[in-house]
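J.: structural data only, the sequence is not supplied:
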């Protein structure tokens, strides 16, 4: 495999170091940037994110990264959203009051309620099974129900989402990953999921 | 389904790692020593998460600590929580930039302004509140600053506060059991709210897999942290994990 060039978007709220480690370990060349021009012209873009949706959107808008992401997606470049990065691709979130997302897909991000989770504790933290809904190239070499690391209190509603490729169960079934054309995303952290996560990242690098 | 978590804690002080017994530290060696004598790759594949705590009693060498975190995360693809004098947004950011995924907060846990600020910046899922406690004549006292300063609050108030703070998880750490290998202190759960809504990590006293099994079989406990390097390192953790699975504990499996 030739050395793939990966752009990790750094808008000040992501576990950039961990992601960089994982992609570098798997042989990719990693660029970390907040420059919209570089994002537009990269074939592989990672949208990470840890923290609050509202704050993240503020940081993204301030740097005009939202437009760059939409443009790079239109061009057919691959984009991979992770955790909050996946949520930011949605239409909106109710975290810290209603906030609009980047809108690459229509779905909304809502908070787990203890009603939803049937008394399960919030946040949802730890390794949980990722149940494959469809055969997908991201899951190559992985068993259905493989364990991945989650840490979140909000989730993306799977309503009408035809591109969902996995769900996970935490009192309710929620969307744990989707893949639509050149856009994919996981609610879990592959870069923190040991061998399972490395396999998934390797699969992305083979896109 | 969500799996139970086995967490390994490393204690760091100015360049060296330490063993702790009842919060008294005993030096074991620096990062290179640890790497040479203990098989890190094996440890990482036998635990769900790692905690690194700067427990330095004197002045903190933050650069040294940050470098150690960086070295540690290099080929380690597992969640890492970092603690040690998290007292400002800047310090928190520094730890996160060094490779921490979550922050463990003890001494400043009841500094509401700081906790709210940290939560606004990094999200509540990023914050773990850690409480050190011990029994004095059957009465429970809680401590901050590495067990040196008593908190002037009663336990039920402390637990209530911990539930209402914008933090994601809670660690209960028994100073009496710390490093003893005598088993966990389950008595504390009699005082802990039954319907506590945040994940609970139990710490202090794990000496063998039976202790871990006993704790994992308790519904209130979501994770276990052990810093007992000598009891569990080598293939100790790997074996414990296998035995736990054999005994019906649902644990994550990796390629």
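T.: Here it is on my side, so go on. The structure presented is a predicted model; accordingly, all values stated were derived computationally and were not measured. Numbers count the residues shown, from 1 in each chain, chains lettered A, B, ... in the order given.
J.: now the farthest one out in chain A, which residue is it?
T.: No residue in chain A sits farther from the centre than residue A:119, which is 26.1 Å out by CA atoms, centre = their mean.
J.: for the residue nearest to it when sequence neighbours are not counted, give me its contacts.
T.: In space, and not counting its chain neighbours, residue A:119 is closest to residue A:171: 7.2 Å by CB to CB, 6 or more residues apart in numbering or on different chains. For the C-beta atoms, the positions are set from N, CA and C on the backbone; glycine is no exception. By CB atoms under 8 Å, 6 or more residues apart in numbering or on different chains, the residues touching residue A:171 are A:112, A:116-120.
J.: next, format those as CSV and append distance to residue A:184.
T.: Listed next are those as CSV, based on distance: CB to CB, whole Å:
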residue, distance to residue A:184
A:112, 23
A:116, 25
A:117, 26
A:118, 29
A:119, 32
A:120, 27
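J.: ranges for the helices of chain A?
T.: Assigned by DSSP state H, chain A shows helices spanning A:16-25, A:36-40, A:53-62, A:65-74, A:84-88, A:194-205.
J.: right, so of the ones you listed, which gets closest to chain B?
T.: helix A:194-205 (3.3 Å; CB to the nearest CB).
J.: show me what that closest one is packed against.
T.: For helix A:194-205, the elements it packs on are helix A:16-25, strand A:146-152, judged by 3 or more CB pairs under 8 Å, 6 or more residues apart in numbering or on different chains; DSSP states H and E.
J.: save these as a markdown table, and put in distance to residue A:201, mean neighbour count and mean pLDDT too.
T.: Output for these, formatted as a markdown table (distance: least, CB to CB, whole Å; neighbours: other CB atoms under 10 Å in any protein chain shown; pLDDT from 0 to 100):
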| stretch | distance to residue A:201 | mean neighbour count | mean pLDDT |
| --- | --- | --- | --- |
| helix A:16-25 | 6 | 21 | 92 |
| strand A:146-152 | 11 | 26 | 97 |
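J.: of the ones you listed, which is nearest residue B:33?
T.: When the helices and strands packed on helix A:194-205 are compared by CB to CB, helix A:16-25 sits nearest residue B:33, at 22.9 Å.
J.: find the nearest non-adjacent residue to the residue positioned nearest the centre of chain A, please.
T.: The residue lying closest to the centre of chain A (CA atoms, centre = their mean) is residue A:82, at 2.3 Å. In space, and not counting its chain neighbours, residue A:82 is closest to residue A:48: 5.2 Å by CB to CB, 6+ apart.
J.: now the helix or strand harbouring residue B:241: average pLDDT?
T.: Using DSSP states H and E, residue B:241 maps to helix B:236-246. Averaging pLDDT along helix B:236-246 gives 90.
J.: which residues are in contact with it?
T.: Under CB under 8 Å, 6+ apart, the answer for helix B:236-246 is B:6, B:8, B:42-43, B:45-47, B:208-209, B:212-213, B:216, B:232, B:251.
J.: between these, which is nearest chain A?
T.: Using CB to the nearest CB, the contacts of helix B:236-246 come closest to chain A at residue B:45, 6.7 Å.
J.: what's the local residue count around the closest one?
T.: Other residues lying near residue B:45 total 15 when counted by other CB atoms under 10 Å in any protein chain shown.
J.: same check on the one 5 residues further on?
T.: Each residue near residue B:50 was counted by other CB under 10 Å, and the total is 22.
J.: ok, back up a step: residue B:173 versus the residue nearest to residue A:119, what's the distance?
T.: Per CB to CB, to the nearest Å, residue A:171 is found 29 Å from residue B:173.
J.: so does the helix or strand where residue B:132 lies get close to chain A?
T.: Here residue B:132 sits within strand B:127-136, counting by DSSP H and E. No - figure legend: strand B:127-136 not in contact with chain A (CB under 8 Å from any CB of the partner chain); closest approach 9.4 Å.
J.: what angle sits between the helix or strand just after that strand and strand B:127-136?
T.: Once strand B:127-136 ends, the next helix or strand along the chain (criterion: DSSP H and E) is strand B:139-144. Using axes from the mean of the first three to the mean of the last three CA atoms, to 10 degrees, the direction of strand B:139-144 lies 140 degrees away from that of strand B:127-136.
J.: list the contacts of strand B:139-144.
T.: Contacts of strand B:139-144 (CB under 8 Å, 6+ apart): B:106-107, B:109, B:131-135, B:149-151, B:153, B:155, B:158, B:175, B:188, B:191.
J.: could you list every helix and strand in contact with the very next helix or strand once past it?
T.: Counting by DSSP H and E, the element after strand B:139-144 in chain order, helix or strand, is strand B:149-150. On a contact count with 3+ CB pairs under 8 Å, 6+ apart, strand B:149-150 meets strand B:139-144.
J.: how about the strand it packs on: buried residues?
T.: Neighbour-count burial for strand B:139-144 flags B:140-144 (criterion: 16 or more other CB atoms under 10 Å in any protein chain shown).
J.: parallel or antiparallel, list what pairs with that strand.
T.: Paired neighbours of strand B:139-144 in the sheet (DSSP bridges): strand B:127-136 (antiparallel), strand B:149-150 (antiparallel).
J.: which of the residues in the first one are buried?
T.: Along strand B:127-136, these residues count as buried under the neighbour rule (16+ other CB under 10 Å): B:127-134.
J.: which stretches of the chain have low pLDDT?
T.: The chain I'm using is chain A. Scanning chain A for pLDDT under 70 picks out the ranges A:1-2.
J.: wrong one, I was asking about chain B
T.: The model of chain B has pLDDT under 70 over residues B:39-42, B:229-234.
J.: contacts for the strand holding residue B:132 next, please.
T.: B:23, B:81, B:83, B:102-106, B:109, B:115, B:118-119, B:140-144, B:146-147, B:155, B:158, B:162, B:165-176, B:188, B:201.
J.: look up how far chain A lies from residue B:33.
T.: 23 Å (CB to the nearest CB, to the nearest Å).
J.: what is the neighbour count of that residue?
T.: Applying other CB under 10 Å, I find that residue B:33 has 13 neighbouring residues.
J.: same thing with the one 4 residues further on?
T.: Other residues lying near residue B:37 total 12 when counted by other CB under 10 Å.
J.: need the nearest residue in space to it, chain neighbours excluded.
T.: Here the residue nearest residue B:37, using CB to CB, 6+ apart, is residue B:29, at 7.0 Å.
J.: ok, now which ones touch the one you found?
T.: B:16-17, B:37.
J.: show me what contacts the nearest residue in space to residue A:87 that is not next to it in sequence?
T.: Excluding the flanking residues, the one nearest residue A:87 by CB to CB, 6+ apart is residue A:109, at 4.5 Å. Contact analysis of residue A:109 by CB under 8 Å, 6+ apart lists A:53, A:87, A:90, A:92-95, A:101, A:154-157.
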